[in-house]
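S.K.: the sequence isn't on hand, but the structure is:
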């Protein structure tokens, strides 16, 4: 009976719906309130902007004028509207839709885990009982607390892995499942989930190949390559804009994050606590100690549970980050495309999913160890109770996090004429209905923002030469702006929003004016209509459409036929068709490229220059291929900041460990610092691997003049003369001492 | 796949009821009570309270993040956020009302592209720091 119930899809979905309903229950009563956590503010604003574009202006949500001075909405890594879940947002509203989306994705997560487990677990009952553990695990409680609705896309991870293994078995539906699940994750804002999912999918593919009989292994390559291609092309409408955005404004992730093994275990079995307005790390991937015991016992009882357990432990090793030597996480960061990986602990998500398999093995195998019916029933009942305790502890964790959220109320405001405001990203959600854009901006990547945007202008559209004529707004919507311009002489009409190559004008030429949208116009009267429709949006949609059509064709032909050896040409053609379309769009479109922004220091000064400006020449000998050319130490400013500018060239290859050393040290011949009071500091270490906050020293363009500008505050430093010294070399314990430091300036602290 | 009706029917019912209850509770969840909108004079007062310490925030955030324009500005806005929440609670108005008051205050003296920026009203391009340890 147990197996019969578990085999029934309807029964499983009923059970999973009940569990998901229990999970979201604490969210329902306050569904109309907004999550006040800082990240939720911004994520909510992205969704609100998309709703406004569709519901109010009847446009596609391509451009988001409400944030950061204007962003490409499809290319914003944190937006989530390029997925079917957006329909729920349109139907219920941004706030009320979230519990519905979480409910639906959790059910999908449980069912996906069941189906993935059933690929290798014979018992429906064992797989069905273990499946909820992943979908209800602690990181989803963290996501609910912080308003990271996008992270519920991770619920589709088992579907991706299921599809990959089915594809390796030459089943066409595997390609469809993996591609659609991956496209959903990416469209739902899973930009940071995508690399993790891709890594997990690669490991799953390797495992699936190994599990095949020797003669079938080579034949799995074609469908797996086709799967990878379809995963990319089905998600092209989202992947292309994001790739374009991140290529134009890449972010470097430095630092050496990591966690000791014991600490990671507390993430898995500890109790999630909310403290100081945020959740802690302990319990942040809560599955409980009983589940871990089940997984470990599974490997002891059935040798087939050993490979997935080893893989789960391997991902724990990745999750340890730089704490574990050698660091698997560091190795992954060296792979092209994965250099931006961060928060290594998130790999625990994959570990939890993989650990479900040995746990299910234990549930399957233990009752079979005894020969009596009584043993089978009692052991099975006991294991069910153990799983139940695990699931209840996960639900309690979710409830605790959900009830601890700070909630706010957002009222619809009066509609007015759109304009940029200074805004406040910490309160981004509250800009809803104010018809303003927040220039206060936080994103996970450097945003191509014009520093010339203002939140206090008398008009959002104006002329570069105000005396040349007049400009007035005729119509406004996120993707379309109509202007009436009367000019006595040629000039530029400027718009107080960020430029993007996807903007075109019915009259004149759209250009970037210090990062703002500008239209070059001649004299006379112009009715200019600006439209935003970037190539990566329409081109990506065509590629996605072609890929979906190819997938449908593949499914229609038969489950296995496309992968029969003689049909490899057909398979290859279907997989390559979307890539051909992509190439065609690229070749025929006249849209100007979105060039990477010139690298700049955190203070806005350029990081690559042609000449040294007003800085004394200095030289030094360093153990790495760097030539120091000049440096300047500015006097203390009114807040006791000192600015240091260093000019140098990289003359040869450098390692990732090589760094710029900068020491600000009080002279030894100064009298001892005061024993009391705040001004007691005598040394500041400003060593850094990342130059201008933009690139590693080893990635500095060879031969070019690099300008690194940074500062230090000396308000709490002891009075007297301070020397600033600079050096270059490998950064590590004790290594700094081996480098000759060059004095580049002196500061006097009053 | 054959449907096992004696099992499937009640299961479908349970699943549908679960989903239905979730949707029904979401739809009928009470709307947050709205707060009275302040008058123009009250908004000027709200804006003045927030603006009072802007100068000192601008200086202190430069000390916290020397030569880091975006980080300093973001820190400025965190100070502002705390003040806005405090003022909204104190005066019994919504956060939106205070944001609107600040925006009206900033636009009360309309600026042009080259006007001096005394209120941190120009954009500080987002440049997150390269560390997430």
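M.R.: Sure, I can see it. In this text the structure is predicted, and so the values were computed from the model without any measurement.

S.K.: how about residue 57: what's its closest non-neighbour residue?
M.R.: In the absence of a named chain, this looks at chain A. residue A:477 (4.0 Å; CB to CB, 6 or more residues apart in numbering or on different chains). For the C-beta atoms, the positions are set from N, CA and C on the backbone; glycine is no exception.

S.K.: my question was about chain B, not that one.
M.R.: Counting by CB to CB, 6+ apart, the nearest residue to residue B:57 once its immediate chain neighbours are dropped is residue B:79, at 4.3 Å.

S.K.: in a strand, that's where that neighbour is, yeah?
M.R.: No: secondary structure of residue B:79 (DSSP: H, G, I helix; E, B strand; the rest coil): helix, not part of a strand.

S.K.: could you verify my assumption that it touches residue B:55?
M.R.: No: the pair residue B:79 / residue B:55 is not scored as a contact, 11.4 Å apart, by CB atoms under 8 Å.

S.K.: between those two, which is the more surrounded one?
M.R.: Neighbour comparison, residue B:79 and residue B:55: the larger count goes to residue B:79, with 18 against 12 (by other CB atoms under 10 Å in any protein chain shown).

S.K.: how about the contacts made by the more buried one?
M.R.: Residues near residue B:79 by CB atoms under 8 Å, 6 or more residues apart in numbering or on different chains: B:53, B:57, B:60-61.

S.K.: surely residue A:482 is within a strand?
M.R.: Yes: residue state for residue A:482 (three-state DSSP) corresponds to a strand.

S.K.: got a pLDDT number for it?
M.R.: At residue A:482 the predicted local distance difference test score is 98.

S.K.: who's in contact with it?
M.R.: With contact set as CB under 8 Å, 6+ apart, residue A:482 has these partners: A:473-476, A:527-530.

S.K.: where does chain B dip in pLDDT?
M.R.: Across chain B, residues meeting the criterion (pLDDT under 70) sit at B:1-3, B:132-133.

S.K.: quick one, helices of it?
M.R.: B:5-28, B:40-51, B:54-64, B:69-91, B:95-107 (DSSP state H).

S.K.: identify the residues contacting the shortest one?
M.R.: Contacts made with helix B:54-64 from outside it, assessed by CB under 8 Å, 6+ apart, are listed as A:638-641, A:713, A:715, B:71-73, B:75-76, B:79-80, B:119-120.

S.K.: closest one of those residues to residue B:40?
M.R.: Each of the contacts of helix B:54-64 was scored against residue B:40 by CB to CB, and residue B:119 proved nearest at 19.5 Å.

S.K.: how much space between residue A:105 and residue A:267?
M.R.: According to CB to CB, to the nearest Å, residue A:105 and residue A:267 sit 22 Å apart.

S.K.: before we move on, what about residue A:425?
M.R.: As for residue A:425, its distance to residue A:267 is 29 Å (criterion: CB to CB).

S.K.: return the distance of the residue nearest to residue B:57 relative to residue B:72.
M.R.: For residue B:79, the distance to residue B:72 under the criterion CB to CB works out to 11 Å.

S.K.: same question, residue A:622
M.R.: Residue A:622 sits 31 Å away from residue B:72, taking CB to CB as the criterion.

S.K.: what does residue A:41 give?
M.R.: As it turns out, when the distance is counted by CB to CB, residue A:41 lies 20 Å from residue B:72.

S.K.: please, where are all the helices along the stretch 401-550 of chain A?
M.R.: For the stretch 401-550 of chain A, applying DSSP state H, counting those that start in this stretch gives helices covering A:535-557.

S.K.: remind me which residues of it are low pLDDT?
M.R.: Counting by pLDDT under 70, the low-confidence segments of the stretch 401-550 of chain A come to A:413-415.

S.K.: what are the ranges of the strands in it?
M.R.: Counting by DSSP state E, counting those that start in this stretch, one finds strands in the stretch 401-550 of chain A at the ranges A:407-408, A:419-421, A:436-438, A:461-463, A:469-477, A:480-487, A:491-498, A:503-505, A:509-513, A:516-521, A:524-532.

S.K.: pairing partners for the fourth one, with directions?
M.R.: When you say that, I think you mean strand A:461-463. As defined by DSSP bridges, the strand partners of strand A:461-463 come to strand A:491-498 (antiparallel).

S.K.: roughly how far out does the partner strand sit from the chain middle?
M.R.: Between the mean C-alpha location of strand A:491-498 and the chain-wide mean there is a distance of 31 Å, by CA atoms, centre = their mean, to the nearest Å.
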